[in-house]
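Participant: Based on what follows, work out the 3D shape:
(one chain, ligands or ions: 1)
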Amino acid sequence: MSEQISFFENVNKSFDKASKFTKWPQGLLEQIKAANSVLRIRFPLKRDDGSLEVIEAYRVQHSHHKSPCKGGIRFSENVNQDEVMALAALMTYKCAIVNVPFAGGKGGIKINPKNYSEFELQKITRRYTSELIKKNFIGPGIDVPAPDYGTGAREMSWILDTYMSMNPGMIDAMGCVTGKPVSQGGVRGRTEATGLGVFYGVREVCNTHKLMDKIGMPVGVEGKRVIIQGLGNVGFHTAKFFRAYGAKVIAIAEYEGAIFNENGLNEEEVLKHRKETGSILNFPGATNFEKSGDALEADCDILIPAALESVINQENAARIKAKIIGEAANGPLTPEADVILNAKGVVIIPDMYLNAGGVTVSYFEWLKNLSHVRYGRMEKRFTENMNKQILGQIEDLTGKKVNSTERAFIEHGADEVDLVYSGLEETMISATREIMDVWNSHPDIPDMRTAAYIVAINKVGTSYDELGIFP
Ligand SMILES: NC(=O)c1ccc[n+]([C@@H]2O[C@H](COP(=O)([O-])OP(=O)(O)OC[C@H]3O[C@@H](n4cnc5c(N)ncnc54)[C@H](O)[C@@H]3O)[C@@H](O)[C@H]2O)c1
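Facilitator: Numbers count the residues shown, from 1 in each chain. Take a look at the predicted model:
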């Protein structure tokens with residue numbers, strides 16, 4: 001039996017494998033890997049029936065080489081400190097890869113949201129936010145949460161409202177959280193951003209002629225047979241974009257079961273069926289798999305795990321038939337599965353860059369909140385002077401010059417969704433190419449994950465190197 005290692009150790013194992021290809025001294029590598037600040041909280045919840053329950057929650061700021069920290073908040077029964085540390089570390093590397101000037105953070109509350117009423121969930125979210133405020137773990141220039149597994153725009157609104165109530169008159173308060181509804185300072189396109197980013201990333205890999213030749217697949221996503229696990233925010237939108245661009249989603253797995261149709265499934269219809277019947281099973285025209293996990297092992301070109309971590313592991317990896325795995329979820333493959341699948345020649349597109357669409361668009365939302373402009377509405381002559389000040393403020397805050405996409409966001413009255421989509425597309429294409437170039441730069445770099453870590457380590461390392469060590 002192989003030694004069981006934790007999720008955070010797993011992330012660090014991949015880091016160590018990649019760091020051998022970098023020039024940084026061991027001490028600096030240890031600092032990059034370390035989770036800098038870990039907040040562990042317990043607070044009481046008075047339930048609707050009057051009983052008291054203790055809620056366990058975390059927020060981790062993995063790195064402070066940039067400000068603010070950035071990362072989602074997860075509501076799940078599986079939340080634990082190690083998981084949140086691992087997810088925060090992945091955020092540091094993810095932001096570095098896509099050139100978003102944030103450091104990694106992550107939060108988690110150990111609950112199954114399905115077991116609580118909306119009123120209870122609101123109380124949990126608000127109390128958690130107030131704890132983050134008290135302990136300096138939230139703020140537009142400190143640490144900016146976003147949605148993750150089990151949370152969405154509704155929870156982000158509650159966080160915003162709590163933050164504003166406890167910080168009256170703060171001009172930049174809107175930037176304390178992203179993934180908000182559009183009416184509350186959110187950005188159009190954020191909801192689908194992670195799924196769209198997954199699609200753009202996989203499409204770019206499928207457009208790489210040399211790689212496709214190597215694995216014996218035709219170039220492009222059109223006609224490709226895709227299987228998706230998890231029809232939540234990420235899985236649903238990934239399915240939608242694959243279908244829109246001519247691929248076929250032949251199977252969908254949810255936790256209650258999985259369905260298959262060789263002619264393709266329409267994710268909107270499947271979701272509607274699930275809402276009406278309480279399950280994706282028995283969807284008209286599709287056949288049911290015996291077990292949900294069987295869908296992962298079905299024949300396909302592209303497999304997209306978009307639910308939770310460790311779903312592809314030592315037990316099932318050898319039976320996976322996909323030639324490309326796009327890690328939409330965080331950490332869906334265990335290290336053992338990684339070894340087995342790499343040996344089979346499967347191209348594994350790593351989570352830490354493939355699901356960066358959410359944080360990339362969150363960055364656009366944060367810029368919008370700090371600039372106090374409604375994109376696409378103001379006339380340029382009204383905003384010209386203001387823009388100069390805003391650009392200066394953002395450069396001061398982030399410590400870097402704004403690039404052309406960011407400038408376009410602030411300066412032009414361009415349509416918001418167009419800007420979000422094109423900004424994200426450009427980001428995912430350049431990140432894919434940068435990782436591919438590193439992968440091709442040395443024959444000993446074994447896989448795309450290692451190449452992605454090398455890109456991240458070099459960027460974070462450069463940041464530490466240039467800033468110097470305080471004091
Ligand atoms: N939401 C984002 O913007 C974002 C960004 C980056 C990464 N991620 C990652 O993507 C993953 C999914 O996040 P999400 O926001 O879509 O969450 P979500 O809660 O919206 O959806 C997750 C879905 O997975 C399903 N699921 C749970 N266990 C399953 C199982 N064993 N088999 C099949 N389906 C199962 C759930 O029922 C749910 O429908 C997580 O790993 C998250 O960390 C999300």
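Participant: Nearest residue to the residue in the stretch 351-471 of the chain that the ligand sits nearest to in space, ignoring adjacent ones along the chain?
Facilitator: Nearest residue of the stretch 351-471 of the chain to the ligand, counting by Cβ to the nearest ligand atom: residue 358, 3.1 Å away. Any C-beta I mention is one placed from the backbone N, CA and C, and that applies to glycine too. Among residues not flanking residue 358 along the chain, residue 194 sits closest, at 3.9 Å (Cβ to Cβ, 6 or more residues apart in numbering).
Participant: ok so the one you found is a helix residue?
Facilitator: Yes: counting by DSSP: H, G, I helix; E, B strand; the rest coil, residue 194 is found in a helix.
Participant: For it, which residues are in contact?
Facilitator: 233, 234, 237, 328, 355, 357, 358 (Cβ atoms under 8 Å, 6 or more residues apart in numbering).
Participant: Closest one of those residues to residue 99?
Facilitator: Proximity of those to residue 99 was ranked by Cβ to Cβ; the top entry is residue 357 with 13.6 Å.
Participant: now residue 444, what's its secondary structure?
Facilitator: Residue 444 ends up coil, using three-state DSSP.
Participant: What is the strand or helix carrying residue 366 packed up against?
Facilitator: In this assignment (DSSP states H and E), residue 366 forms part of helix 357-371. If you count contacts as 3 or more Cβ pairs under 8 Å, 6 or more residues apart in numbering; DSSP states H and E, helix 357-371 packs onto strand 69-75, helix 81-97, strand 143-147, helix 190-206, helix 380-398, helix 404-411, helix 416-441.
Participant: would CSV of those with mean pLDDT and distance to the ligand be doable?
Facilitator: Below are these laid out as CSV (pLDDT from 0 to 100; distance: least, Cβ to the nearest ligand atom, whole Å):
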stretch, mean pLDDT, distance to the ligand
strand 69-75, 98, 6
helix 81-97, 98, 7
strand 143-147, 97, 5
helix 190-206, 96, 4
helix 380-398, 59, 21
helix 404-411, 60, 19
helix 416-441, 92, 12
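Participant: how is the chain carved up into domains?
Facilitator: 35-183, 187-471 (automatic domain parsing).
Participant: for the ligand, what are the nearby residues on the stretch 151-300 of the chain?
Facilitator: 194, 229, 230, 231, 232, 233, 234, 235, 253, 254, 255, 292 (Cβ under 6 Å from any ligand atom).
Participant: quick check, nearest of these to the ligand?
Facilitator: residue 232 (1.6 Å).
Participant: you'd agree the closest one is up against residue 306?
Facilitator: Yes: with contacts defined as Cβ atoms under 8 Å, residue 232 counts as touching residue 306 at a distance of 7.0 Å.
Participant: more neighbours, the two?
Facilitator: For the pair residue 232 and residue 306, the greater number of neighbours falls to residue 306 (28 against 18), based on other Cβ atoms under 10 Å.
Participant: Let me see the confidence value for that one.
Facilitator: For residue 306, the model assigns a pLDDT of 98.
Participant: And it, its phi and psi?
Facilitator: Torsion angles at residue 306 (phi, psi; degrees, to the nearest 10) stand at phi -130, psi 40.
Participant: In contact with it, which residues are there?
Facilitator: Per Cβ under 8 Å, 6+ apart, neighbours of residue 306: 195, 198, 228, 229, 230, 232, 234, 235, 238, 328, 329.
Participant: Filter these down to the ones in strands?
Facilitator: 228, 229 (DSSP state E).
Participant: can you put the contacts of residue 306 in TSV and add distance to residue 270?
Facilitator: Converted to TSV, the contacts of residue 306 look like this (distance: Cβ to Cβ, whole Å):
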residue	distance to residue 270
195	15
198	18
228	10
229	13
230	12
232	12
234	15
235	10
238	13
328	17
329	19
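Participant: coming back round to it: mean pLDDT lowest for which of the domains of the chain?
Facilitator: Looking at those, the weakest mean confidence is domain 187-471, a mean of 90.
Participant: Spit out the contact partners of the nearest residue to residue 433 once chain neighbours are set aside.
Facilitator: Leaving out its chain neighbours, the residue that sits closest to residue 433 by Cβ to Cβ, 6+ apart is residue 204, at 7.4 Å. Going by Cβ under 8 Å, 6+ apart, residue 204 touches 428, 429, 432, 433.
Participant: With neighbour count added, can I get the residues you listed in a markdown table?
Facilitator: Shown next, in a markdown table, are the contacts of residue 204 (neighbours: other Cβ atoms under 10 Å):
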| residue | neighbour count |
| --- | --- |
| 428 | 25 |
| 429 | 15 |
| 432 | 24 |
| 433 | 12 |
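Participant: before we move on, back to that, could you count how many residues lie near the residue of the stretch 351-471 of the chain closest to the ligand?
Facilitator: Neighbour tally, residue 358, other Cβ under 10 Å: 29.
Participant: Convert the C-alpha atoms of stretch 109-128 to PDB, please.
Facilitator: Only the C-alpha atoms of stretch 109-128 are listed here, as PDB (Å, rounded to 0.1, in the frame of the first residue of the first chain):
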ATOM      1  CA  ILE A 109     -16.700  26.300   6.500                       C
ATOM      2  CA  LYS A 110     -17.300  22.700   7.500                       C
ATOM      3  CA  ILE A 111     -21.000  22.400   6.700                       C
ATOM      4  CA  ASN A 112     -23.200  20.700   4.200                       C
ATOM      5  CA  PRO A 113     -25.300  23.700   3.000                       C
ATOM      6  CA  LYS A 114     -28.100  21.300   2.100                       C
ATOM      7  CA  ASN A 115     -28.700  20.700   5.900                       C
ATOM      8  CA  TYR A 116     -29.300  24.400   6.700                       C
ATOM      9  CA  SER A 117     -32.200  26.800   6.000                       C
ATOM     10  CA  GLU A 118     -31.400  30.000   4.000                       C
ATOM     11  CA  PHE A 119     -31.700  32.000   7.200                       C
ATOM     12  CA  GLU A 120     -29.200  29.700   8.900                       C
ATOM     13  CA  LEU A 121     -26.800  29.900   6.000                       C
ATOM     14  CA  GLN A 122     -27.000  33.700   6.100                       C
ATOM     15  CA  LYS A 123     -26.300  33.800   9.800                       C
ATOM     16  CA  ILE A 124     -23.300  31.500   9.300                       C
ATOM     17  CA  THR A 125     -21.900  33.600   6.400                       C
ATOM     18  CA  ARG A 126     -22.300  36.900   8.300                       C
ATOM     19  CA  ARG A 127     -20.800  35.600  11.500                       C
ATOM     20  CA  TYR A 128     -17.900  34.100   9.500                       C
END
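Participant: Check what contacts it and list those residues.
Facilitator: Against stretch 109-128 from outside (Cβ under 8 Å, 6+ apart): 41, 43, 45-48, 55-58, 73-80, 107, 150-151, 155, 158-159, 161-162.
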